[in-house]
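Q: mind looking at a prediction? Sequence and model below.
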Amino acid sequence: MGLQIEIEQEQRDSIVVIVGLGNPGEQYEGTRHNVGFRVLDLLARAHAVTFWERKFESYWGTGVIGGRHILLCKPLTFMNRSGEAVVDLLEFFNLPADAMLVVHDDLDLSCGRIKVARRGGAGGHRGVTSIIRTLGHQEFPRVKLGIGRPLFGEAIEDFVLSPPYADQEAGFAHMITEGAYAVEAVVTLGVTEAMNRFNRRELSQGDASP
């Protein structure tokens, strides 16, 4: 039996596809590279979205944020093939890339920082590189979560696939929560307002949600 999901045209026009990047598997769950997955897990709990795996190489589910129909997607293709899963989803639902928000880690942001961007290059991130390469352009917004760079000479590949340093764990968890708020701000208020709220401040554990 085929995939049983119908989306009315007026609903389709208001859907926001939120893609969280990461690697599937228990061994990757707590790593820096999986912040996108963790933000989506938090959003799914907050908005009663159930993930499933059918038709696409993703865990995905639909729900409502701020009165808008949304689709949450966690690609299961591993990071460097994220674009394949993303394009399959967009094509099936006949959605443009600028209806998609990608949530991912960023080495060039200090640990705990959040940045909302309307478009841009990959900055060396293999998941974003895969999406840009598969789409053929970079015209889609992102929520970037800062993981900083290695402090003890670790190779980048080992660093991103490791958990945060012990003294960064609390701030890292807080960043995940604020990342979910940033996604909600993009969905409900738009990219520009979300940029105004999140791009000019350092996050601390005392920050309030938008």
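A: Nice, thanks for sending it over. Residues are numbered from 1 along each chain as shown.

Q: what element comes up after the lengthiest helix in the chain heading to the C-terminus?
A: Secondary structure assigned by DSSP state H gives helix 169-189 as the longest helix of the chain. Using DSSP states H and E, the helix or strand that directly follows helix 169-189 along the chain is helix 191-198.

Q: contact partners of that following helix?
A: Identification of contacts with helix 191-198 by Cβ atoms under 8 Å, 6 or more residues apart in numbering yields 114-118, 141, 143, 178, 182, 185-186, 189, 210. Placement of C-beta: from N, CA and C, glycine included.

Q: these, buried ones only, as a PyMOL selection?
A: In PyMOL syntax, the buried subset of these is picked out as below (16 or more other Cβ atoms under 10 Å):
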select buried, resi 114+115+116+117+141+143+178+182+185+186
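
Q: now tabulate the contacts of helix 191-198 in TSV and tack on pLDDT.
A: Formatted as TSV, the contacts of helix 191-198 follow (pLDDT from 0 to 100):
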residue	pLDDT
114	97
115	97
116	96
117	95
118	92
141	95
143	97
178	97
182	97
185	94
186	94
189	91
210	40
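
Q: turn the contacts of helix 191-198 into JSON lines, columns for distance to residue 23.
A: Output for these, formatted as JSON lines (distance: Cβ to Cβ, whole Å):
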{"residue": "114", "distance to residue 23": "21"}
{"residue": "115", "distance to residue 23": "22"}
{"residue": "116", "distance to residue 23": "23"}
{"residue": "117", "distance to residue 23": "22"}
{"residue": "118", "distance to residue 23": "26"}
{"residue": "141", "distance to residue 23": "22"}
{"residue": "143", "distance to residue 23": "18"}
{"residue": "178", "distance to residue 23": "22"}
{"residue": "182", "distance to residue 23": "22"}
{"residue": "185", "distance to residue 23": "27"}
{"residue": "186", "distance to residue 23": "24"}
{"residue": "189", "distance to residue 23": "31"}
{"residue": "210", "distance to residue 23": "29"}
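
Q: ok, so of the contacts of helix 191-198, who is nearest residue 20?
A: Nearest to residue 20, judged by Cβ to Cβ, of the contacts of helix 191-198 is residue 143 at 9.2 Å.

Q: in a helix, residue 151, correct?
A: No: applying DSSP: H, G, I helix; E, B strand; the rest coil, one finds residue 151 to be coil, outside a helix.

Q: residue 165 versus that one, what's the distance?
A: 7 Å (Cβ to Cβ, to the nearest Å).

Q: this completes my enquiry, with thanks.
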